[in-house]
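Undergrad: here is my input, please return the structure:
(one chain, ligands or ions: 1)
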Amino acid sequence: MEFEKKEIVKKSEDFSRWYTDVILKAELADYAPVKGCMVIRPYGYALWEGVQKHLGQAIKDSGVPNAYFPLFIPHSFLEKEKEHVKGFSPELAVVTHGGGKKLAEPLVVRPTSETIMYPMFAKWIQSWRDLPFKINQWCNIVRWELRTYLFLRTLEFLWQEGHTAHATHEEAEEEALARLEMYRRFVEGVLAIPTIVGKKSGAEKFAGAEDTYTVEALMPDGKALQCGTSHNLGQNFAKAFEIQFQDKNGQLQHVYQTSWGLSTRIIGALIMVHGDDNGLVLPPEIAPIQVVVVPIGEKSQMSNLKFQNHISNLKTDLETAGIRVKIDDREERSVGWKFNEWELKGVPVRIEIGSQEIKNKSVTVVRRDTGEKSQIPNPKSQTEIERILDDIQQNLYQKAQKSLKENTHEVGDYAEFKKIMSGPRGFIKAFWCGSAECEAKIKEETKATIRAIPLKPEKTLGKCVFCGQPASSRVFFAQAY
Ligand SMILES: [Zn+2]
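TA: This is a model prediction of the structure:
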């Protein structure tokens, strides 16, 4: 059968199956032979390369160079920071044998790199002149999760992790907040995903951190997804690893540190937030292919010189404007098959060129986000397509922002809280007294956790949604991925 459509279930019918269908059929990733692992296929990896390009540039521009640290961590290193080892122990992969022999000390496959980096920091940082010290690495991470989900939770995933050391607490705090802002701008500006930013509660913060900051987004099934985090580590690790510097008065001091990361989970968010019944919908900023050109017509006509010139001129024009273009002139596929394929893969703009277009000296343009079709005269095609790509980027953000607003509920009553969490979910903005006990009870009864404590405190505070005691803040609750 020539026109073999790749079927996916409807997003509104079965969200979780739709998500998996899109990933497998748009060829973003596939299941690996090891349960819980995933193969990232070229089209999915191109999305990650887009993340690396945009975010990597922002990191480099801020003066942080890339480096690479080993995959293996001596188990004893992990034990140096007590909270840290406690937090990560349940999900460690441990190597006990190497080269056919039992190892004298087991090696941990990195679940994060603080404990393999910081002994080196202790060696390299000597004086106040060495500060601030900043390093970033792009690498893979292993956390032995029992319940896995493509992109969102896999045993092995890819990320970037930045690590810095500073002379003062204020500088470290400033750095942690600047990285939070860097992630927010990337997620909103490039991925067109609106976010909520804030601080984590004591129960939700990174193991070993003083404070954890987070960028959170809302998925269409009403669950929150953490898109990036930034930690002020204080002196916890500096004391555990003896990272000291001589200050200007010749006194030895421990450094203040930060670490911050963003992982391939973000691709899961991208798929969920923008995708529709026909598959992926990619924001132009991150789309590996921004414009696909599909020639329409008989083979004899398509090999016509005029026809080919028309297409290659258009390609050159668009590429000159910095637009990523693909010409799909495969002869073994029908036009219908190609339309379906590029829709499924979320390419923002499709251009159709047939005899009609050649005759009218125009192109037919179809938007992936709205399905809108228009004719553009040739001389205007470059600027007009740039404008359409911009418009798609804006439109996707606005659509997602509308959904975030509609699904953020201000709740003062616990019965209503429970009703929302057992129904449509979403974010609940509610007062909280600050006690870990209330937080734990809410989690037990509704599966909702505190996702973010806003950085700007409320002017007037009410009563804790759970216990009725005076609140210390108004926070965002949600069930989370
Ligand atoms: Zn309370």
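Undergrad: just give the nearest non-adjacent residue to the residue in the stretch 201-350 of the chain that the ion sits nearest to, would you?
TA: In the stretch 201-350 of the chain, the residue that lies nearest the ion is Ser201 (12.0 Å; C-beta to the ion). Quick note: C-beta positions are derived from backbone N, CA and C, even for glycine. Leaving aside its sequence neighbours, Ser201 sits nearest to Ile450 (C-beta to C-beta, 6 or more residues apart in numbering; 4.5 Å).
Undergrad: what's the helix or strand where the one you found lies packed up against?
TA: Assessed by DSSP states H and E, Ile450 sits inside strand 449-452. Helices and strands touching strand 449-452, by 3 or more C-beta pairs under 8 Å, 6 or more residues apart in numbering; DSSP states H and E, are strand 196-199, strand 211-218, helix 436-446, strand 473-478.
Undergrad: which stretch among those is buried most, on average?
TA: Among the helices and strands packed on strand 449-452, ranked by average contacts under mean count of other C-beta atoms under 10 Å, first place goes to strand 211-218 (a mean of 25).
Undergrad: could you pull up the mean pLDDT of the helix or strand following that one?
TA: The helix or strand immediately downstream of strand 211-218 is strand 224-234, counting by DSSP H and E. Averaging pLDDT along strand 224-234 gives 97.
Undergrad: assign the residue nearest to Gly98 when sequence neighbours are not counted to helix, strand or coil.
TA: Leaving aside its sequence neighbours, Gly98 sits nearest to Leu107 (C-beta to C-beta, 6+ apart; 7.7 Å). Here Leu107 is recorded as strand under DSSP: H, G, I helix; E, B strand; the rest coil.
Undergrad: got a pLDDT number for Leu107?
TA: 97.
Undergrad: which strand residues bridge it?
TA: Beta bridges link Leu107 to Pro74, Val95, judged by DSSP bridges.
Undergrad: give me the phi and psi for Lys456.
TA: Phi and psi for Lys456, reported as degrees, to the nearest 10, are phi -90, psi 120.
Undergrad: how close does it sit to Val9?
TA: If you measure Lys456 against Val9 using C-beta to C-beta, to the nearest Å, the figure is 41 Å.
Undergrad: hang on, the earlier thing: may I have the secondary structure class of the residue of the stretch 201-350 of the chain closest to the ion?
TA: Per three-state DSSP, Ser201 ends up coil.
Undergrad: related to what we said a few turns ago, so for Lys456 and Val9, which residue has more residues nearby?
TA: Higher neighbour count among Lys456 and Val9: Val9, with 16 against 6, using other C-beta atoms under 10 Å.
Undergrad: wait, the more buried one sits on Ser16?
TA: No - the pair Val9 / Ser16 is not scored as a contact, 9.5 Å apart, by C-beta atoms under 8 Å.
Undergrad: what number of residues lie near Thr229?
TA: For Thr229, the neighbour count with other C-beta under 10 Å is 23.
Undergrad: nearest spatial neighbour of it, skipping sequence neighbours?
TA: Using C-beta to C-beta, 6+ apart, the closest residue to Thr229 is Thr214 (5.1 Å).
Undergrad: ok, the one you found - contacts?
TA: The contact partners of Thr214, taken as C-beta atoms under 8 Å, 6 or more residues apart in numbering, are Leu180, Val197, Gly198, Lys199, Lys200, Gln226, Gly228, Thr229, Ser230, Arg451, Ala452.
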